[in-house]
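Novice: predicted model and sequence follow; I will ask about them next.
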Amino acid sequence: MPAQSAEQLWKAYNETTDTNGASYQTRWFGDQGQPEQVQALTDAILAGHKTATTTPLDSYTAEQVAIPQVGDYNVLLNGDMKPVAVLKTVVSELIPFYRISAEHAYHEGDGDRSISNWRELKTEEFTPTLEEHGHQLGPDTPMVSEVFEVVYRAD
């Protein structure tokens with residue numbers, strides 16, 4: 001039976017492993033106002049098709065959110081904002097936009113998974129947000145490149 005809350009899922013995970021007193025944050029991928037998008041990304045993560053993500057550094061600083069660190073835990077929420085898994089950050093790097101690797105683009109699982117398609121999709125995605133904050137997307141725009149793994153599932 002799936003956990004009813006993020007706290008219950010985290011507790012269930014802690015009963016299976018020693019997290020050495022680590023804490024967690026809740027997290028979802030996509031726009032919370034678009035539950036279908038969030039669910040599609042959650043499904044891709046649970047299926048193992050999406051194991052990475054990239055976010056402009058500016059998004060973290062503008063929203064005053066901590067940059068993911070190796071060893072961070074997140075309780076993954078689905079399109080209904082229900083907990084479905086625990087993720088662990090295994091790589092977190094600050095990389096210029098045009099230095100994101102083809103391998104990383106592939107592991108993000110977007111589009112046809114090529115670096116050229118990734119750049120097109122991410123330019124569309126990142127440009128409006130950066131412009132809202134008075135920045136432009138360019139080859140050297142700092143990106144937080146993250147790789148994560150599913151370490152526990154609710155089902």
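Specialist: Received, thanks.

Novice: all contacts plus neighbour counts: C-alpha atoms, from now on.
Specialist: Will do.

Novice: so, low pLDDT: which residues of this protein?
Specialist: Scanning the chain for pLDDT under 70 picks out 1-3.

Novice: swap the cut-off to 50 and go again
Specialist: 1 (pLDDT under 50).

Novice: mind listing residues that contact stretch 5-16?
Specialist: The contact list for stretch 5-16 (C-alpha atoms under 8 Å, 6 or more residues apart in numbering) reads 2, 3, 24, 26, 75, 82, 83, 84, 85, 86, 152, 154.

Novice: that stretch: which residues count as buried?
Specialist: 6, 9, 10, 13 (16 or more other C-alpha atoms under 10 Å).

Novice: what helix or strand is the third one on?
Specialist: Here residue 10, judged by DSSP states H and E, is contained in helix 6-14.

Novice: what are the ranges of the strands in this structure?
Specialist: Counting by DSSP state E, the chain has strands at residues 24-27, 52-56, 73-77, 83-96, 142-153.

Novice: among those strands, which is the most enclosed?
Specialist: Compared across the strands of the chain, strand 73-77 shows the largest average neighbour count, a mean of 24 (mean count of other C-alpha atoms under 10 Å).

Novice: just checking, what packs against that one?
Specialist: Where contact means 3 or more C-alpha pairs under 8 Å, 6 or more residues apart in numbering; DSSP states H and E, strand 73-77 is packed against helix 6-14, strand 24-27, strand 83-96.

Novice: who's in contact with the helix ranked longest in the chain?
Specialist: The single longest helix within the chain, with elements called by DSSP state H, is helix 115-132. When contacts are defined by C-alpha under 8 Å, 6+ apart, helix 115-132 is touched by residues 56, 58, 59, 101, 102, 105, 106, 110, 111, 136, 137.

Novice: next, the angle from that helix to strand 52-56.
Specialist: Counting by axes from the mean of the first three to the mean of the last three C-alpha atoms, to 10 degrees, helix 115-132 lies at 40 degrees to strand 52-56.
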